[in-house]
Structures are given as structure tokens and as C-alpha cells.
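K.L.:
Dropping the sequence and predicted coords here.
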Amino acid sequence: MKPYTHMQGLNVAVLATYKTESENQPGTVEIDCSKIERYADYLSSNGARGVFVCGTTGDFSVLSVGERLRIQEAWLTPSVTNKFEHVIVHIGSPVWEDLVALGTHATERGASAVAVTFPSFPHHSPQTPQHMLQYLVRVSYALPNTPLMLYNIQGATNPQFFNDLLPILKEVKAQIPNFVGVKYTSTNFIDAFEIFTQLKLDVGIGNDEKIFAACALGFKHFICATGNLFCQKHCELLSLFSSGEINEAQELARRLFDATRMISSEGYLKLTLRTATNRIMKLKYGLDLGPVNFPFLVQEDYQLAEKLTECLFKEFGDLL
């Protein structure tokens, strides 16, 4: 396995980049990887130490394998990777050949690690701890030279295991030499803390509202979707905490918590996140990451996202 160093600081779960509405053919949305280098500049200049590519925030579940390969390729281009300490690529897919192709591609191009979800459709997901172990063994066998992380997130991890991974990961660590950690997107800090302290695995906390609490437990690695909006302030929070300015860190954490809850308060979270991020990017960097056009969205969703974005800029403009 390639050398692996535990990650620290803020990783941003990046959005997929699309052509603007005026560039799209009617009724279509196309990815546009030409925007990624400037997007990376924005994140790195605001303190991000790494990125998490093609995760939930990055629309992996609605992209073709060809689109995901193109996005990976762009984020793993040296002119982009040189801006960060680490680039994690999520390769989870219910199609085994696609998973291996994505993982092989990421490995060959120098990804710091790959992360994998379990197949999320219940009839095809692991039903027992032995099934989970066997699945990760197969991934490891197919990608033996790649540091491997589990992406533990509601909707993909079987609910019976979602908040109780410690006993399973003990076996995983014992049997899989390239297993290095977990993107832990759950509020169960008991399970996460035991994995972190007992197994010495890299635990990247993926619950944005809980960064302050996670710092108090000693976590050092965070993978945040809202880093697209609050990257600089999340980094400031980590700095305040590490320097012992706890009251200041707590107050900033409260503001970030309230802003994050506003974004997710109504309607479709990812649409609001993209709408607000696009407004920042256009104002400060002249860059548009493109629209989202999932077929289940209705006009009211777009209107609500615009309304929440207006409220966000009015009440939390100092964080943006």
C-alpha cells in the first residue's frame, strides 16, 4: 500500500460542477470539469487542506461512471492536487465493475485514499457483520495498493450497523491491511470515539453541526459539505479551539450551527447549498458551478432555495 498519514484539518466535500443553464441543451445538465481548478483555488485559498470528491454532496448517485471518471480525473490533475494535502475519492457503486474501475483510476492518479459506501438498496446491501467484512475484503483485494476508507452514511450503511461499527471494524482492521479509516457521517460520537481511540483509525467527522463537540473529543479530521460556504470560518473555529480560545470557538460554532440549520431547515438541502455556494462564487470569484436539475425537483424547491439563500446572506453574511 502507498504510504498513508492520518489526515487533519478541514476537507471539503465538493459539489459536482455543471455547465450553466445557458450552455446546456434544453432538458439536460452536463458536467463541466473546466471549472474545477478555479473551484480548487477558492477552497485552498480559504483554508481547506483537502477535498472529498464524488461523495453525496458531489452527486455520485445520479452520475454515470463515465462522468465520475472525468470528475476524478480533473480533481487528480497535478495542478489541482498540488493545492491540497490530500484528495479522497469516493468510489462506491452497486455495480462491482464500476467500483473497481473508479478505484483503479483513482489509485493510478495518486488519490490519497478511496472511500466506499455499501450498496444502498436493501436487498443488495450486507445483512450481517460477515457480509460487511467480506465486502470490504473484496474491495481491498481488488485495490490492494490503495488506502481504503468506509463511508458510513445513513441511507447506504444498513441501519442495524449504522451506529455500531466498532465490533465490525475490529475485524476489518485485523484482516485488511490497507483499511485506514471512516468518513463518519453520524451523530453517534460514542461509536466514532471508540473507533478513533481503540482502533487508531482515521475518523473524518462528516456531521458539520458537530465540529465543536468533535474537537472536544479529540477528533482532528473533518469532512464538511458546508465547507463550500463556510470554509474560512470552519478553519477559524479549529484554530481557535487548538489555541485554547474556547469561548470564542464556542460562539463561532453557535453561529455556524444556526447557519447550517437554516440551510437544511426546509426543502431540499443540496439544492440550497448549491444555490448559496453559487451566489458566493459569482460575487467573489466570477464562477458559476452550474445548476442542479434532478428530475424530482419542482419549481417550489428552487424558489425555496432562493428564499433560504436570501435569508442566509442577510443573517449570516459575516460567515460567508
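P.N.:
Yep, it's here.

K.L.:
what pLDDT, on average, does stretch 180-189 get?
P.N.:
For stretch 180-189, mean pLDDT rounds to 94.

K.L.:
ignore the last one, stretch 122-130
P.N.:
88.

K.L.:
same thing with stretch 155-162?
P.N.:
Stretch 155-162 shows a mean pLDDT of 83.

K.L.:
Enumerate the positions of that stretch that are buried.
P.N.:
By neighbour count on 16 or more other C-beta atoms under 10 Å, the buried set for stretch 155-162 is 156, 157, 158, 161, 162. From N, CA and C alone the C-beta is placed, and that goes for glycine too.

K.L.:
what's the distance between residue 135 and residue 167?
P.N.:
To residue 167, residue 135 is 16 Å away according to C-beta to C-beta, to the nearest Å.

K.L.:
so residue 53 makes contact with residue 75?
P.N.:
Yes - with contacts defined as C-beta atoms under 8 Å, residue 53 counts as touching residue 75 at a distance of 4.7 Å.

K.L.:
Need the residues touching each of those two.
P.N.:
14, 87, 89 (C-beta atoms under 8 Å, 6 or more residues apart in numbering).

K.L.:
On the three-state scheme, residue 168 is what?
P.N.:
Counting by DSSP: H, G, I helix; E, B strand; the rest coil, the backbone at residue 168 sits in helix.

K.L.:
sorry, that was for residue 115
P.N.:
Assignment for residue 115 (three-state DSSP): strand.

K.L.:
And residue 203, by the same measure?
P.N.:
Residue 203 ends up strand, using three-state DSSP.

K.L.:
what comes up buried for stretch 206-223?
P.N.:
206-212, 214-215, 219-223.

K.L.:
of all those, which two lie farthest apart?
P.N.:
Maximum pairwise distance in these, criterion C-beta to C-beta, is 17.9 Å, between 209 and 220.

K.L.:
quick one on the thing from earlier: in helices, which of the buried residues of stretch 206-223 fall?
P.N.:
211, 212, 214, 215 (DSSP state H).

K.L.:
which sections of the protein are below the confidence cut-off?
P.N.:
22-28 (pLDDT under 70).

K.L.:
Going along the chain, name the strands of the stretch 51-200 of the chain.
P.N.:
86-90, 113-116, 148-153, 179-185 (DSSP state E, counting those that start in this stretch).

K.L.:
Just send the ones you listed back as TSV, with distance to residue 253 and mean neighbour count too.
P.N.:
Output for the strands of the stretch 51-200 of the chain, formatted as TSV (distance: least, C-beta to C-beta, whole Å; neighbours: other C-beta atoms under 10 Å):
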stretch	distance to residue 253	mean neighbour count
strand 86-90	24	25
strand 113-116	26	26
strand 148-153	22	25
strand 179-185	18	25
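
K.L.:
Make TSV from those and add distance to residue 279 to it.
P.N.:
Listed next are those as TSV, based on distance: least, C-beta to C-beta, whole Å:
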stretch	distance to residue 279
strand 86-90	26
strand 113-116	29
strand 148-153	27
strand 179-185	25
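
K.L.:
With distance to residue 46 added, can I get the shared contacts of residue 53 and residue 75 in TSV?
P.N.:
TSV is the format used below for those (distance: C-beta to C-beta, whole Å):
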residue	distance to residue 46
14	13
87	17
89	21
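
K.L.:
Tell me where this protein has helices.
P.N.:
With DSSP H as the criterion, the chain has helices at 36-45, 65-75, 78-81, 96-108, 129-142, 166-175, 189-198, 211-216, 227-242, 246-263, 269-285, 299-316.

K.L.:
Fine by me, thanks again.
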